[in-house]
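Asker: Sharing a sequence plus its predicted fold:
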Amino acid sequence: MSRIGKKSIILPPDIQSEIIESTITITGPKGKLSYNLSKMINIQHINNKLQLSLIKIDKESKALYGLSRTIINNMVIGVSQGFEKKLEIRGVGYRCQMNENNLILNIGYSHPIIIEPPKDILIKVEDNVNIIVTGINKEKVGQIAAKIRSTRPPEPYKEKGIRYSGEIIRKKVGKAGK
């Protein structure tokens with residue numbers, strides 16, 4: 001059994017949860033998120049805590065047990081605090097800017113790359129080289145950050161490209177001459 005799934009989820013006082021059949025909706029100061037649980041997992045609201053339990057024990061339900069608890073916990077964190085990912089652009093002449101809601105990246109290609117975020121994701125640019133992606137859904141924040149990074153991933157020889165803040169790139173040695 002999952003050790004993560006057994007932990008109860010503590011709800012802060014400003015967070016409300018609503019359970020209708022197998023759908024749970026979490027509402028907080030930053031927004032509202034919902035998730036459809038598997039039919040093999042039961043959820044109960046007891047004294048400002050959410051507790052998950054298995055209906056039948058088999059390999060598939062055990063796998064979904066910890067996953068469901070983690071997703072619901074991320075929903076509670078998202079609607080109360082939110083999530084953010086920071087990216088850095090490194091390279092001579094590489095820069096970015098915002099045009100209305102769209103992110104425009106000038107990163108060494110012959111054309112600028114335009115990224116349109118979903119409506120619930122906010123992108124900020126600082127100093128033309130730092131990008132901050134924020135939102136309440138951890139999955140979407142990570143997906144948009146990964147999409148931005150994939151446009152020019154950091155290369156190991158000159159370390160140019162877009163990287164996550166704090167990411168360490170192992171530099172390779174160039175070709176040795178005779």
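Answerer: Sure thing, it's come through.
Asker: going forward, measure contacts between C-alpha atoms and count neighbours the same way
Answerer: Noted.
Asker: just so I have it, where are all the helices in this protein?
Answerer: Assigned by DSSP state H, the chain shows helices spanning 3-6, 59-80, 138-150.
Asker: List the buried residues of the shortest one.
Answerer: When you say that, I think you mean helix 3-6. Gly5 (16 or more other C-alpha atoms under 10 Å).
Asker: and the helices of the chain as TSV, adding mean pLDDT and distance to Ile20?
Answerer: Below are the helices of the chain laid out as TSV (pLDDT from 0 to 100; distance: least, C-alpha to C-alpha, whole Å):
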stretch	mean pLDDT	distance to Ile20
helix 3-6	84	20
helix 59-80	92	15
helix 138-150	96	23
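Asker: Would you mind giving those helices as CSV with distance to Gly161 added?
Answerer: Formatted as CSV, the helices of the chain follow (distance: least, C-alpha to C-alpha, whole Å):
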stretch, distance to Gly161
helix 3-6, 36
helix 59-80, 29
helix 138-150, 8
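Asker: Tell me which of the ones you listed sits nearest to Lys124.
Answerer: Among those, the nearest to Lys124 by C-alpha to C-alpha is helix 138-150 (11.9 Å).
Asker: what's that closest one packed up against?
Answerer: Secondary structure elements in contact with helix 138-150, counted by 3 or more C-alpha pairs under 8 Å, 6 or more residues apart in numbering; DSSP states H and E, are helix 59-80, strand 83-90, strand 130-135, strand 161-164.
Asker: Let me have the ones you listed in CSV, adding mean neighbour count and distance to Ile114 as columns.
Answerer: Formatted as CSV, these follow (neighbours: other C-alpha atoms under 10 Å; distance: least, C-alpha to C-alpha, whole Å):
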stretch, mean neighbour count, distance to Ile114
helix 59-80, 19, 27
strand 83-90, 20, 15
strand 130-135, 22, 14
strand 161-164, 23, 15
